[in-house]
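Student: structural data only, the sequence is not supplied:
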């Protein structure tokens, strides 16, 4: 008799398992060992021709203006070149503005809507000079452009640094008075730029400046930091007759090296938002009172003119 083969023995032991067909839904083992293939590089078409930009819809034109004119780091306003603003910038921006009157009008609206303009005064390192020079700098800003500007930034430095060494530096003011000055500057910007929706404060200051004024944030949670900032703001606004303005944002300078205060900027902005909610009823009542007074003056002045004309 013939000896059974290994396959027949396995078949007798396992039944129909060896005859079962391979599941079509299973994973193909070949695909597991296939090498990783990078996606092909996107083809960037270099268009060298011209097109009629005014034939596009306004939404698409604004998108084109945005990609051409937006600067993530903002634009510094230089009072020495005020007459050429914003044409003292790269050629691509200037060339777009000079396309036509309609393109200039539409593009400049996008330019003022999204770009942040940084205003500097004559002396960055002196608080007294910065306080007195802001209004004069803003008066030089073109009035036509001021009606459209929406985002501004101002730098604050809390140390007067001598040329000898950093140890010779000394703080010019305490944080509370500086915060009040920031609020006053915010309203000053608002008076010159009626469409202002965002005022960014770039604060060049270090942690020991706050620690000397009992504002310590080391080993604190975000909620604890927010409460410390909020209590400090409440105490500060009681010292001066200043109302917080919406759209104010804080950031700490990091131009030279890592500033540890950057870790506390989020809590500072959150505390300011809570402060706005607390002071909102008082701010709304004051605005309503001012609006009603304005309407009353307009009504009385118009009645007075009518009476004078009737007498004539």
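Tutor: Perfect, thanks for sending it. All values derive from a computational prediction rather than experimental measurement.

Student: need the contact list for the nearest residue to residue 174 once chain neighbours are set aside.
Tutor: In this structure, residue 174 finds its nearest non-sequential neighbour in residue 213, 5.5 Å apart by Cβ to Cβ, 6 or more residues apart in numbering. In this view, the C-beta of every residue, glycine as well, is placed from N, C-alpha and C. By Cβ atoms under 8 Å, 6 or more residues apart in numbering, the residues touching residue 213 are 174, 175, 176.

Student: what do you get for residue 198?
Tutor: Residue 198 makes contacts with 116, 150, 151, 152, 247, 249, as judged by Cβ under 8 Å, 6+ apart.

Student: now the phi/psi pair for the first one, please.
Tutor: Backbone geometry at residue 116, expressed as degrees, to the nearest 10, gives phi -100, psi 120.

Student: can you get me a residue count around it?
Tutor: When neighbours are counted by other Cβ atoms under 10 Å, residue 116 registers 18.

Student: bridging residues for it?
Tutor: residue 151 (DSSP bridges).

Student: check the last one too.
Tutor: On DSSP bridges, the residues paired with residue 249 through beta bridges are residue 200.

Student: tell me the spacing between it and residue 6.
Tutor: 78 Å (Cβ to Cβ, to the nearest Å).

Student: before we move on, the earlier item: out of the contacts of residue 213, which comes closest to residue 208?
Tutor: Of all the contacts of residue 213, residue 175 has the smallest distance to residue 208: 11.9 Å, by Cβ to Cβ.

Student: ok, and the closest non-adjacent residue to that closest one?
Tutor: Closest to residue 175 by Cβ to Cβ, 6+ apart is residue 213, at 5.4 Å.

Student: you'd agree the one you found is in a helix?
Tutor: No - secondary structure of residue 213 (DSSP: H, G, I helix; E, B strand; the rest coil): coil, not part of a helix.

Student: how close does it sit to residue 59?
Tutor: 49 Å.

Student: coming back round to it: of residue 249 and residue 6, who's got more company?
Tutor: residue 249 (16 against 7).

Student: in the stretch 51-200 of the chain, which spans are helices?
Tutor: 58-69, 91-97, 101-114, 127-139, 143-146, 175-192 (DSSP state H, counting those that start in this stretch).

Student: tell me the buried residues in stretch 233-253?
Tutor: 233, 236-237, 242, 244-245, 247-253 (16 or more other Cβ atoms under 10 Å).

Student: what's the burial count for residue 268?
Tutor: Count around residue 268 with other Cβ under 10 Å applied: 23.

Student: circling back: out of the contacts of residue 198, flag the one nearest to residue 12.
Tutor: Residue 12 lies nearest to residue 249 out of these, by Cβ to Cβ, at 80.3 Å.

Student: can you pull the contacts of that closest one?
Tutor: Residue 249 neighbours (Cβ under 8 Å, 6+ apart): 198, 199, 200, 201, 269.

Student: mind doing that once more with 10 Å?
Tutor: By Cβ atoms under 10 Å, 6 or more residues apart in numbering, residue 249 lies in contact with 151, 153, 198, 199, 200, 201, 202, 265, 268, 269, 272, 273.

Student: got TSV for the residues you listed, with distance to residue 95 and pLDDT too?
Tutor: Output for the contacts of residue 249, formatted as TSV (distance: Cβ to Cβ, whole Å; pLDDT from 0 to 100):
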residue	distance to residue 95	pLDDT
151	24	94
153	26	93
198	28	94
199	31	95
200	29	94
201	34	92
202	30	89
265	37	88
268	41	91
269	38	93
272	40	94
273	41	94
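
Student: which one of those residues is nearest to residue 137?
Tutor: residue 153 (13.2 Å).

Student: looks like that closest one contacts residue 119 (just checking).
Tutor: Yes - taking Cβ atoms under 10 Å as the definition, residue 153 is a contact partner of residue 119 at 7.2 Å.

Student: shared neighbours of these two, anything?
Tutor: Residues touching both residue 153 and residue 119 by Cβ under 10 Å, 6+ apart: 76, 77, 189.

Student: and the first one, what are its bridge partners?
Tutor: Residue 76 has these beta-bridge partners by DSSP bridges: residue 118.

Student: which pLDDT value belongs to it?
Tutor: Predicted confidence (pLDDT) for residue 76: 84.

Student: what's around it, how many residues?
Tutor: Residue 76, neighbours per other Cβ under 10 Å, totals 13.

Student: from residue 118, how far off is it?
Tutor: On the measure of Cβ to Cβ, residue 76 and residue 118 end up 5 Å apart.

Student: can you list residues touching both of those two?
Tutor: 153, 155.

Student: show me where the stretch 101-250 of the chain dips below the pLDDT cut-off.
Tutor: The stretch 101-250 of the chain contains residues with pLDDT under 70 at 121-132, 158-173.
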